[in-house]
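Asks: Next come a sequence and a model predicted from it.
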Amino acid sequence: MTWDEVKDLAPLYAIGALDLKAAQAVEDFLRSATQQQKSEFAEWSEVAALLPAILPQLEVPSHLKGLLLTRIAANEFTNLSSHLESATKVLPFQPKRPSTAQTPRWLLLAATIALAFTSAFLGWQNSKLSDRLGTAQSQLDDLLSPYTRIISMKGVEIPDANAKVVWDTRTQTWKVFVHDLPAPPSDRDYQLWYVTKDAKINAALFRTNEKGDRELSLTLPPEALNGLAATAVTLEPKGGSPQPTGKFYLMATI
């Protein structure tokens, strides 16, 4: 068997579709193969191992399951009757093994297509992972920047509630990450405030999700930058208030 023949059979070998004789011939070749040939051949097995996790799993209809169980029960009864009738007469059974030349070409094609699809899928997944890592690295760089300030808001009305404000002092933008703040009643909204020495300025109205989380992106107005001393969240009537009227839920000094 040549290396080209072994490469052609690699997809079938990887999914266990070769007959015993062909599989033995492939293994005999690999014993004396070069390291590069062994590595290239092994790649097919690594890809095939991922097929169960990637390819869709087909559900067997319940009526077919019942039909199959009925058929199995009937066969077992028939086999038992036949065994009792011929208990003293045992015939040897020799399974017929297909030759290498009888391996269906469609099976080779199907295996090759499946493994090629898997390779393409893994490449796409690697690309997505690379993009996410790039985004995470960019965010980490922003957090470590000397132009970034982190403000921790603590729960007041609900002690477990909290929030983090990531302040980019170059662009004067805030990223606010709220956690564990229960969703407000339907007739109420949370309101975030910029608190200066002279005023309390509306920053945003928001509602949290069922987990108590919310993310906000804000650009600080010029009037908030003049003497900004604190930030706070209150619970206000739906639509917000010109000035805080409800209880304080989150607060931080700056």
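Replies: Nice, I can see it. For clarity, every value in this text was computed on a predicted model and none was experimentally measured.
Asks: Ramachandran coordinates for residue 13?
Replies: Dihedral pair for residue 13: phi -60, psi -40, per degrees, to the nearest 10.
Asks: Give me the nearest residue to it, chain neighbours excluded.
Replies: residue 26 (5.4 Å; C-beta to C-beta, 6 or more residues apart in numbering). Every C-beta, even on glycine, is put in place using the N, C-alpha and C of the backbone.
Asks: Burial check on residue 17, number of neighbours?
Replies: Around residue 17 there are 17 other residues, counting by other C-beta atoms under 10 Å.
Asks: Then residue 22?
Replies: Neighbours of residue 22 under the rule other C-beta under 10 Å: 22.
Asks: again with residue 8
Replies: By other C-beta under 10 Å, neighbour count at residue 8 equals 12.
Asks: Three-state assignment for it, please.
Replies: Under DSSP: H, G, I helix; E, B strand; the rest coil, residue 8 falls in the helix class.
Asks: what pLDDT does it get?
Replies: As summarised for this prediction, residue 8 has a pLDDT of 81.
Asks: any idea how far it is from residue 41?
Replies: Residue 8 sits 11 Å away from residue 41, going by C-beta to C-beta, to the nearest Å.
Asks: Where does residue 38 fall, secondary structure wise?
Replies: helix 35-48 (DSSP states H and E).
Asks: ditto for residue 224
Replies: For residue 224, the host element (DSSP H and E) is helix 222-225.
Asks: Then residue 165?
Replies: Assigned by DSSP H and E, residue 165 falls in strand 162-168.
Asks: Partner strands of that strand, with direction?
Replies: Applying DSSP bridges, strand 162-168 is found paired with strand 148-155 (antiparallel), strand 173-179 (antiparallel).
Asks: Assign the nearest residue to residue 224 once chain neighbours are set aside to helix, strand or coil.
Replies: Leaving out its chain neighbours, the residue that sits closest to residue 224 by C-beta to C-beta, 6+ apart is residue 194, at 3.8 Å. At residue 194, secondary structure determined by three-state DSSP is strand.
Asks: Count the neighbours of residue 194 for me.
Replies: 23.
Asks: and it, what is it in contact with?
Replies: Taking C-beta atoms under 8 Å, 6 or more residues apart in numbering, we find residue 194 in contact with 200, 201, 202, 203, 220, 221, 224, 228, 231.
Asks: Return the list of helices and strands in contact with the host helix or strand of the third one.
Replies: By that I understand residue 202. Under the criterion of DSSP H and E, residue 202 resides in strand 200-206. Judged by 3 or more C-beta pairs under 8 Å, 6 or more residues apart in numbering; DSSP states H and E, strand 200-206 is in contact with strand 188-196, strand 214-219, helix 222-225, strand 228-237.
Asks: again, only this time at 10 Å
Replies: Secondary-structure packing of strand 200-206 (3 or more C-beta pairs under 10 Å, 6 or more residues apart in numbering; DSSP states H and E): strand 173-179, strand 188-196, strand 214-219, helix 222-225, strand 228-237.
Asks: Note down every partner strand of it and its orientation.
Replies: In the sheet, strand 200-206 lines up against strand 188-196 (antiparallel) (DSSP bridges).
Asks: and the closest residue in space to residue 18 that isn't next to it in sequence, backbone torsions?
Replies: Leaving aside its sequence neighbours, residue 18 sits nearest to residue 12 (C-beta to C-beta, 6+ apart; 5.0 Å). Here is the backbone geometry of residue 12 (degrees, to the nearest 10): phi -70, psi -40.
Asks: picking that back up, can you lay out the strands paired with strand 162-168 as a markdown table showing distance to residue 215, mean pLDDT and mean neighbour count?
Replies: What follows is these, written out as a markdown table (distance: least, C-beta to C-beta, whole Å; pLDDT from 0 to 100; neighbours: other C-beta atoms under 10 Å):
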| stretch | distance to residue 215 | mean pLDDT | mean neighbour count |
| --- | --- | --- | --- |
| strand 148-155 | 14 | 94 | 15 |
| strand 173-179 | 6 | 96 | 18 |
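Asks: can you put the ones you listed in JSON lines and add distance to residue 237?
Replies: Shown next, in JSON lines, are the strands paired with strand 162-168 (distance: least, C-beta to C-beta, whole Å):
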{"stretch": "strand 148-155", "distance to residue 237": "21"}
{"stretch": "strand 173-179", "distance to residue 237": "20"}
